[in-house]
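Enquirer: Could you look at this predicted model? Sequence included:
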Amino acid sequence: MKAAVINEESKLTALVQAVEQLRLATVPEQLWSQAAAYLEQELQTTLASNGRTGEVWVWLASFDAPRQTLVGRDGVVPNAKEDGALLRQRFGVTAGDVWQRILPQETPLDIPDWSKEARPGEWANKMKRLRPVGVTLCPLPGGGGVAFLGVSEWGAALRPDGKLRVRLFLAELVQRLQILETQKQQQQTRQGGEFLTQVMLKCRPQSGYEERLTLMAEQVHQAVGADQTLVYAYDERANHFILKTSAPRLRREEVVPLAMIQGLYQNLMMGELVVIGDASQAQRIAISAQFWQQYNAQALLAAAVLAPESKQLLGFYACLSRQPRSWEAFDKSALQGVAQLAALLSPLAEVTQTLARLETEQKVYLGVAQAIYSGSDWHQALKTAGTILDQQLPGERWLLLHQNPDSRHYEIVHQSYKKRPLVGPLAGLHELDHDLLRQSGMVVTVPNWQTELKLMTWRQTLQNQGVQAVLATNAVPEHNPQILLVLTQNEPHYWSPRDCQFVQAIARQLGVVVRQWYLQQSYESQTRLYTTLVRGLELLDHPLALVQHLATALAIPQVAVVTWPEGADTGQAVAANPNHEALSVQVNAPIPVAHDPFVQRVIAQAEPWLQSGVELEISTRRWLTGEGIDQILALPIGEPAQGVLVLLDTAQQTWPPPLITMVQVLAKALARGLVLAQRVQNREQGYLQLVSQNWRRQWLWQEWATAVGQLTPAQFPEQWPEQQRQAVTWLTPDLTLQSQPVSLSSLLRRSSARMNDLINQNKVWFRVHQSGLEKAQILGDGERLELILAELLRFACQRSPQEGRVDIWCQPAQTGLVEVAITDYGAILLSLLDQLRPNHPDPVGSGVLNYSPGRELFLCRFQVQQMGGDIFYEKLTDNRFSSRLWLPLAP
């Protein structure tokens, strides 16, 4: 116990010492290095506490939120010489990977086997040489990064107490990093402020705007130490950038098309500072290789010159470096300050004009927001917002589109138009257009179809309706373009960057409403499918109720299921609405599934089968008889298949993936139920046949014993060998039932003879009423039928009161059947009648076979059913008990 206390004290002492070292560090690099050392020590201490040794891995990374990137800062690896460079690796955080899950968390995440992690993200490619086993991911407080801690053994890298110490340490680390960053920014801000003051003083003597731009370019060039500093002005009509000045001065005039620096342009439009430390890793910002080659540059720092009030892009300042470079905070502050100073020096008239427009647009934003958030009817809110949009940007029409997740087409949610509405839907976007609209701040414009290749999938549809110019923007930036705001003109039209920014601001507000509405619809749809699935699973034992439930819950006019025993050539259909006017299904006749082409195609597929009704063959049309069948979705049931689930509709429709998934789950569950039911039925049949055989032997053995007991000493030597042969014959298993003509009169006479002693003993008044059926021939096993009738007579005579009455009534029943009814006045238990009722769901499990006379009565019915007949046990209205046999007549 004392050693454990000392050990815990040493761990706390190590934590305190590590925190004190952090507080003495003066630069972030020292903090990361000291943190890596302490975390390595903590891992080794954990291994030692468990009596183990082994390799450990530590990787510390900060999180660059704007770029969604983890940046390696420091760490520890077993082979530092070969793998040490990986510790400075950086890679993007992708949706759904383990890094995105851990960053917003507050507690560590244990991964017992890192190689089994399903979503390691870019780690799998860039850090694959690092192969820890047990891993604990510790998020830095505030989502600022992550600490990757790994050991060479399976399980968590840290114990709970170790996690607590590491969390305390990381909290101190983040606090110290923030303090150093604040100190650095304060220092560089002071330097940046002094630099801007000097620039402003030097600009004062200059009278012209161009001279001031040149002076500021030279000053920032010297202060930053760039290889090239450029000043570009934006011509929105020509859609390109013109080089105004540079440092050092270039003697040529240059024009940069917008397409060459499209990604840079999009970021500058939003007023963002563009920082590219290495051109080879600038995938997020689209700048063509031609631009980099033109200036022989590898790194870029660019700041937009935005009109002070309207934020319209006037141009930009850019510092270039021929080598990859990490731009300091002073560099960024100086360049941004110069760009902002250039904006302030723009013509006062333009500033006044943009101020007035900004005031108007702010009122517009407020009006749209009020229309959206104050109205309970979202369609009315969209109409109000559209009125405001039409006032500020007059056009032919504007539309709000939503992408159907199943068809991928864009459906028109709402539109405002002057002359005539646009007829949709619109086709899905090309991949390039999709990527453009997904970018934050991106607006896709087509001023003229004749000169643009954007939105080509819409071109034919829109041109056919007179559209010549289009503007489209994503209502949910940085997400897949599922909700779009679209403006159209019937003549070529140019939208200024300010117009685009205004439309995008409106789109974001409108997108909130539509997205919320569709999320609600999606939630209701998922809830409905879940409820349908749960109820469907409850109805697996009742196919008719199941298909009726599916048809109602899924709003599908016809659902049918065809099932057949394993190995059978024919099956039987059950339909929710078999007599549907347009989607009728034949359920009264067997279906030759082994030769039906539609059924064979379905069961040959592992996935759901989609087919049009016009493609059905004539043989399938004999049971899928509806003339209006247009769309068919079919799924096999079981493997090997024992059925087919069929969904029918009259109109063209898409089958949503969630619906198909839910139906697949039900089909698999139904398949398991059919297999289980078939197995249970086979076991029951075999069991009942064995019990029936034993019942027959019992009758024969009793008669044999009686016959042997009556032999005299003189008869014994002569008749005993024959009795032995007969006994051996009975011991041989024989489960087959003979099917041959048997005289009804003879059958009744032999059965009655077996019960003569019992009839006389109980003084039963016994009569047979054949009603003209004296010459009738029964088809079946004569011996079994004789024993069955004798068993039923014995049951009647045993229960009949002294001098009671027992009758046998013979009369024709249905076509090809004769009815033999045995009636008596004896008492009968209602519980026994319940167990013997027809179509009992679980006759074996009901206990009817456990005791007499229920066992014998049930076996009589079972054997008669095997011969094509049936037995009904019932209490008559005059208190008589009746055992009615339906026996097939011989042809």
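Expert: Looks like it arrived, so ask away.
Enquirer: Any regions of the stretch 701-850 of the chain where pLDDT drops low?
Expert: Counting by pLDDT under 70, the ranges of the stretch 701-850 of the chain that qualify are 701-712, 714-716, 718-719, 722-736, 839-850.
Enquirer: just the strands in it please.
Expert: Remark: strands assigned in the stretch 701-850 of the chain by DSSP state E, counting those that start in this stretch are 740-743, 765-769, 777-780, 805-812, 817-824.
Enquirer: For the third one, name the packing helices and strands.
Expert: Same thing as strand 777-780. strand 740-743, helix 744-754, strand 881-888 (3 or more C-beta pairs under 8 Å, 6 or more residues apart in numbering; DSSP states H and E). C-betas here are computed from N, CA, C, even on glycine.
Enquirer: before we move on, what about the last one?
Expert: Under the contact definition 3+ C-beta pairs under 8 Å, 6+ apart, strand 817-824 sits against helix 744-754, helix 782-799, strand 805-812, strand 881-888.
Enquirer: Got phi/psi on the spatially most central residue of the chain?
Expert: Within the chain, the residue whose C-alpha comes closest to the C-alpha centroid is Pro658; the distance, by C-alpha atoms, centre = their mean, is 6.8 Å. Dihedral angles phi and psi of Pro658 (degrees, to the nearest 10) take the values phi -60, psi -40.
Enquirer: can you tell me how far it sits from Val665?
Expert: Pro658 is 11 Å from Val665, where distance means C-beta to C-beta, to the nearest Å.
Enquirer: what's the answer for Glu639, then?
Expert: Using C-beta to C-beta, Glu639 is found at 15 Å from Val665.
Enquirer: And for Gln336?
Expert: Gln336 sits at a distance of 57 Å from Val665 (criterion: C-beta to C-beta).
Enquirer: Mind listing the residues bridging to Gln740?
Expert: Gly780 (DSSP bridges).
Enquirer: who's in contact with it?
Expert: Counting by C-beta atoms under 8 Å, 6 or more residues apart in numbering, Gln740 touches Leu779, Gly780, Asp781, Gly782.
Enquirer: hang on, the earlier thing: so for Leu201, which of the helices and strands packed on strand 817-824 sits nearest?
Expert: strand 881-888 (117.7 Å; C-beta to C-beta).
Enquirer: Let me see the mean pLDDT of that closest one.
Expert: The pLDDT scores in strand 881-888 average 90.
Enquirer: Next: stretch 383-401.
Expert: 75.
Enquirer: again with stretch 64-79
Expert: On average, stretch 64-79 scores 85.
Enquirer: Can I get it in PDB? Just the C-alpha atoms.
Expert: Output of stretch 64-79 as PDB, limited to C-alpha atoms (Å, rounded to 0.1, in the frame of the first residue of the first chain):
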ATOM      1  CA  ASP A  64      -6.600  24.700 -38.200                       C
ATOM      2  CA  ALA A  65     -10.300  25.200 -38.200                       C
ATOM      3  CA  PRO A  66     -10.700  27.400 -41.400                       C
ATOM      4  CA  ARG A  67      -8.800  24.800 -43.400                       C
ATOM      5  CA  GLN A  68     -10.100  21.800 -41.400                       C
ATOM      6  CA  THR A  69      -6.600  20.500 -41.100                       C
ATOM      7  CA  LEU A  70      -4.500  18.900 -38.300                       C
ATOM      8  CA  VAL A  71      -1.000  20.300 -38.100                       C
ATOM      9  CA  GLY A  72       1.700  18.200 -36.500                       C
ATOM     10  CA  ARG A  73       3.700  20.000 -33.900                       C
ATOM     11  CA  ASP A  74       5.800  17.500 -32.000                       C
ATOM     12  CA  GLY A  75       5.800  14.000 -30.600                       C
ATOM     13  CA  VAL A  76       7.700  10.800 -29.900                       C
ATOM     14  CA  VAL A  77       8.100   7.700 -32.100                       C
ATOM     15  CA  PRO A  78      10.200   4.500 -31.500                       C
ATOM     16  CA  ASN A  79      12.300   5.100 -34.600                       C
END
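Enquirer: now that stretch: how far from the chain's centre is it?
Expert: 32 Å (C-alpha atoms, centre = their mean, to the nearest Å).
Enquirer: contacting residues around Pro801?
Expert: Contact analysis of Pro801 by C-beta under 8 Å, 6+ apart lists Tyr825, Gly826.
Enquirer: for Gln290, that is, sorry about that
Expert: Applying C-beta under 8 Å, 6+ apart, the residues near Gln290 are Met260.
Enquirer: please renumber so the chain begins at 2
Expert: Got it, first residue is 2 now, which makes that one Gln291.
Enquirer: How far does the helix or strand where it lies sit from its chain's centre?
Expert: Using DSSP states H and E, Gln291 sits in helix 290-296. With C-alpha atoms, centre = their mean as the basis, helix 290-296 stands 45 Å off its chain's centre.
Enquirer: next helix or strand past that helix?
Expert: Immediately after helix 290-296, counting by DSSP H and E, sits strand 300-307.
Enquirer: Indicate each strand paired with whatever helix or strand comes next after that following strand and its parallel or antiparallel sense.
Expert: Next helix or strand after strand 300-307 toward the C-terminus (DSSP H and E): strand 314-322. Here strand 314-322 has these sheet partners by DSSP bridges: strand 229-236 (antiparallel), strand 300-307 (antiparallel).
Enquirer: now the ones you listed in a markdown table, with distance to Glu875?
Expert: Below are those laid out as a markdown table (distance: least, C-beta to C-beta, whole Å):
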| stretch | distance to Glu875 |
| --- | --- |
| strand 229-236 | 97 |
| strand 300-307 | 94 |
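Enquirer: Just name the most buried of those strands.
Expert: Burial of those is given as mean neighbour count (mean count of other C-beta atoms under 10 Å); strand 300-307 ranks first at a mean of 25.
Enquirer: Which residue ranges of the stretch 252-401 of the chain form strands?
Expert: 256-258, 275-277, 300-307, 314-322, 398-404.
Enquirer: Save those as JSON lines, and put in distance to Asp65 too.
Expert: What follows is those, written out as JSON lines (distance: least, C-beta to C-beta, whole Å):
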{"stretch": "strand 256-258", "distance to Asp65": "28"}
{"stretch": "strand 275-277", "distance to Asp65": "10"}
{"stretch": "strand 300-307", "distance to Asp65": "16"}
{"stretch": "strand 314-322", "distance to Asp65": "20"}
{"stretch": "strand 398-404", "distance to Asp65": "31"}
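Enquirer: Of these, give the one that comes closest to His543.
Expert: strand 398-404 (39.5 Å).
Enquirer: which helices and strands does that closest one pack with?
Expert: Packed next to strand 398-404, using 3+ C-beta pairs under 8 Å, 6+ apart, are helix 379-393, strand 411-418, strand 484-490, helix 498-539.
Enquirer: Please find the angle between the direction vectors of it and strand 484-490.
Expert: Angle, strand 398-404 to strand 484-490, by axes from the mean of the first three to the mean of the last three C-alpha atoms, to 10 degrees: 150 degrees.
Enquirer: Since that was my last question, I'll sign off now.
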